[in-house]
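S.K.: Sequence plus the predicted model coming up.
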Number of protein chains: 4
Amino acid sequence: MTSDTAHRGNRHGRSEQARRAVLEAADDLLAEKGFAGVTIEGIAARAGVAKQTIYRWWPSKVDVLLEAFTEDMAEHLTPPDTGDLAADLRTHLANLAEFLTASDPGAVFRALTGQAQHDPALATRLRDEHLSHQRARDRLPLERAIARGDLPDLDVDEAVDHLVGPVHYRVLVTGTEVSRAFTDNLVAAFLKQHER
Amino acid sequence: MTSDTAHRGNRHGRSEQARRAVLEAADDLLAEKGFAGVTIEGIAARAGVAKQTIYRWWPSKVDVLLEAFTEDMAEHLTPPDTGDLAADLRTHLANLAEFLTASDPGAVFRALTGQAQHDPALATRLRDEHLSHQRARDRLPLERAIARGDLPDLDVDEAVDHLVGPVHYRVLVTGTEVSRAFTDNLVAAFLKQHER
Amino acid sequence: MTSDTAHRGNRHGRSEQARRAVLEAADDLLAEKGFAGVTIEGIAARAGVAKQTIYRWWPSKVDVLLEAFTEDMAEHLTPPDTGDLAADLRTHLANLAEFLTASDPGAVFRALTGQAQHDPALATRLRDEHLSHQRARDRLPLERAIARGDLPDLDVDEAVDHLVGPVHYRVLVTGTEVSRAFTDNLVAAFLKQHER
Amino acid sequence: MTSDTAHRGNRHGRSEQARRAVLEAADDLLAEKGFAGVTIEGIAARAGVAKQTIYRWWPSKVDVLLEAFTEDMAEHLTPPDTGDLAADLRTHLANLAEFLTASDPGAVFRALTGQAQHDPALATRLRDEHLSHQRARDRLPLERAIARGDLPDLDVDEAVDHLVGPVHYRVLVTGTEVSRAFTDNLVAAFLKQHER
DNA sequence: ATTTAATCGAGACGGTACGTCGAGTCTTGTC
DNA sequence: GACAAGACTCGACGTACCGTCTCGATTAAAT
């Protein structure tokens, strides 16, 4: 894995190899030992990297996790566009629930959101760099439905909160299972508010 | 309940004075310096107490915060009962928002909920010892309305999630302001599903 | 062992039972775990006695050991009086070597002497309460020989130092074995200085 | 031997500065507050060094003292060689007495010897790393005298014990003053055994 | 016969120091 | 100039004993 062409310093530019090793080590440690088990020293040891290399490129361990999270997120959680609002919302919320409860990047998200409760700077970065983009995607089905005339011209931001809020609440607060029935009912309740 | 001056614990003589000093010091430190600023050493120093005294009675700093939180919570967040479902829910959600965003015990709650993302044992204790009681209170307005016939016989648990979920989501995830308009709209949307 | 007539406090006078238990526990702990393994808490636990009971009667752990040592010493190391100086000295030094290297109270003596290097108050007590008496006994064979005219009127204190000094030196400093040959040679060398 | 400014240890860069600061702080603390006043925390604080730095290089406080002692000992207590056995022995024993009772490294030696009574591992190290060398020096005057024919071919080891034993005994056990008269008499008595 | 006071086991208390872990900074020599 | 290695200072961890302090129970002398 660590190839024989290992990069051990060079004149120009940063080692992509070290960067990847760090991100993977951080991800692995989070999965194996939880957030408290992720330490700079631990990452460095597992990645076969010097601590200084981590500090050179990331201000703190949450920044490492944030970057790892960004890599993993890539193409996640884009809602479908079938022209059927109810179906699209049901699919999207079910995907969201799956992401939050059962995926590796979902675990990172939960850890980062937890840490953000203690760390306002992280909270801001998390919102600016991730949530804002995700919320833009969350708005899409509603905006399309309004454009189609399938939905009145409601406050889309509040509507998104009404839809994704209960899912996050279950995941982050109550720990209750987020079943397909729950998300489907949530969509049904939402739509009922706006039907003729 | 707790006796006049000196508490008698196991055999004789746990110091109620030390116990209170610890809980208050922990609360103060959380308010002043945030979760990371709460350390056993810091609590001990501020409370004028030996570290061993803390370790004797609490397994970890989150247990101290949990107990401090319990003390502070006492009579919080019981929904009113005016017989008017809409008014009661509006008041209750507004109180919840106020609690979560602007009160000292609310700050403790956010910190503990954040920490619970890294600590399953804490998550369980938080749910068993606090959330379950709060949810029971959250259910009351709905149960009374159903009993009065003002609401159909819906799934009360899901309904509670739909109402308090978006508020928690804004507080814990997006950090958006939770205005009176937001909670009022939330109640209005909820009631619209069930109106005649 | 701890009888049913256990003494648990009375108006006048101290519990002999507790006193013995403490002294024995201290001795046992020294034998088992060395000087560092002797702690007030450890003695109390092993003796089935409250810490306060120890502090009531002994200022420190070395005082406990000192008292235990006194009890054990009782009739040790009194030189014989056969009228034959050489024989008496040989026997006495051999007994001294045996005491210092192979007996339980000898181990306590070594520990206390070691501790006395760090603790001038202990050093003083050890000298006043034990060494002075032992030295008086050490002088006896020489004083008797002088009275008999078997030895010139030398400085008895220095002579005692010349005789017992090398034995203590081997025990406390070099750790070399103190054989019968060594003590016999020591006596022979001493006598040779004064023969005529 | 030790390089100019910064010592390079394992790989590169053990701080010679930190090492010296630790040894000096330990020495100073022993002189000022006695053995019990020497603590790792105290050394660290006085040396302006982190506790971890001490633990990185020394297993315990006695190892620090042992190393400090080694540094200080360097050129101490080498007996003179004037060709006059009596004079050389008198000088050497007087120097020994002065070292043991009145010098700083002598105080360290007494403390370490005291501690060695509780700590067999320390006893062994003390003997192997120091006493053996000192005893080799102690033997020199006798060996030279034998070579010159000024002394019969006696057991040098026992003779050394007879000479230095009483001095150590007074210092470590009785606490009596070790005057020039005492050491001179000791030498005189020793020589009397072997005179024509 | 009852009071009363010294002593007991128990153990909580404020402290000091322990030895360990990880943080974040710095220096050194290699590529 | 980035890298691996690792020593450095610092702060907090959780533990062990220290010596002091109640507490309630026990018990024999003094009422």
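M.R.: Good, I have the coordinates.

S.K.: now the nearest residue to residue A:110 once chain neighbours are set aside: how far from residue A:27?
M.R.: Computed as Cβ to Cβ, 6 or more residues apart in numbering or on different chains, the closest residue to residue A:110 that is not its neighbour in sequence is residue B:117, at 5.0 Å. In short, each C-beta sits where N, CA and C put it, glycine included. Between residue B:117 and residue A:27 the computed distance is 16 Å (Cβ to Cβ, to the nearest Å).

S.K.: Check residue A:42 too.
M.R.: Residue A:42 is 12 Å from residue A:27, by Cβ to Cβ.

S.K.: Of the two, which one has the most company?
M.R.: For residue A:42 versus residue A:27, the count of surrounding residues by other Cβ atoms under 10 Å in any protein chain shown is larger for residue A:27: 22 against 17.

S.K.: Residues contacting the host helix or strand of the more buried one, please?
M.R.: According to DSSP states H and E, residue A:27 maps onto helix A:16-33. For helix A:16-33, contacts defined as Cβ atoms under 8 Å, 6 or more residues apart in numbering or on different chains pick out A:2-3, A:6-7, A:37-39, A:42-44, A:46-49, A:53-54, A:57-58, A:61, A:64-65, A:67-68, A:71-72, A:104, A:107-108, A:111.

S.K.: likewise stretch A:38-54?
M.R.: A:2, A:15, A:18, A:21-22, A:24-26, A:28-30, A:55, A:61, A:64-65.

S.K.: Most neighbours among these, which one?
M.R.: Among these, residue A:26 has the most neighbours (other Cβ under 10 Å), with 29 neighbours.

S.K.: For stretch A:176-186, list every residue counted as buried.
M.R.: For stretch A:176-186, burial by neighbour count (16 or more other Cβ atoms under 10 Å in any protein chain shown) applies to A:178, A:182-183, A:185-186.

S.K.: Name the SS class of residue A:153, please.
M.R.: coil (DSSP: H, G, I helix; E, B strand; the rest coil).

S.K.: So what's the residue count around it?
M.R.: Residues near residue A:153, counting by other Cβ under 10 Å, number 7.

S.K.: Run through the residues that contact it.
M.R.: Applying Cβ under 8 Å, 6+ apart to residue A:153 gives the contacts residue A:146.

S.K.: For it, give me phi and psi.
M.R.: Main-chain torsions, residue A:153, degrees, to the nearest 10: phi -80, psi 70.

S.K.: separation between it and residue B:185?
M.R.: In terms of Cβ to Cβ, residue A:153 sits 15 Å off from residue B:185.

S.K.: Point me to the residue of chain A nearest chain D.
M.R.: Chain D sits closest to residue A:50 of chain A, with a gap of 12.5 Å, by Cβ to the nearest Cβ.

S.K.: mind checking pLDDT for residue A:16?
M.R.: If you check residue A:16, the pLDDT there is 88.

S.K.: Neighbours of it, how many?
M.R.: For residue A:16, using other Cβ under 10 Å, the count is 9.

S.K.: what's the answer for residue A:56, then?
M.R.: Residue A:56 has 10 nearby residues by other Cβ under 10 Å.

S.K.: Over to residue A:120?
M.R.: 11.

S.K.: Would you map the strands across chain A?
M.R.: Read by DSSP state E, chain A holds no strands at all.

S.K.: Of all the residues in the least confident helix or strand in it by mean pLDDT, which ones are buried?
M.R.: Within chain A, judged by mean pLDDT, DSSP states H and E, the helix or strand with the poorest mean is helix A:61-73; its value is a mean of 89. Buried residues in helix A:61-73, counted by 16+ other Cβ under 10 Å: A:61-69, A:72-73.

S.K.: Pull up the distance across stretch A:91-111, start to finish.
M.R.: Distance across stretch A:91-111, first residue to last, is 25 Å (Cα to Cα, to the nearest Å).

S.K.: and it, how far out from the chain's middle?
M.R.: Put simply, stretch A:91-111 sits 7 Å off its chain's centre (Cα atoms, centre = their mean, to the nearest Å).

S.K.: residues of it that come out buried?
M.R.: Neighbour-count burial for stretch A:91-111 [16+ other Cβ under 10 Å]: A:91-97, A:99-101, A:103, A:105-111.

S.K.: can you list contacts of that stretch?
M.R.: Contact with stretch A:91-111 is made by A:27, A:30-31, A:34-35, A:65, A:68-69, A:72-73, A:76-77, A:79-80, A:138, A:141, A:163-164, A:167-168, A:171-172, A:177-178, A:180, A:182-184, A:186-187, B:117-118, as judged by Cβ under 8 Å, 6+ apart.
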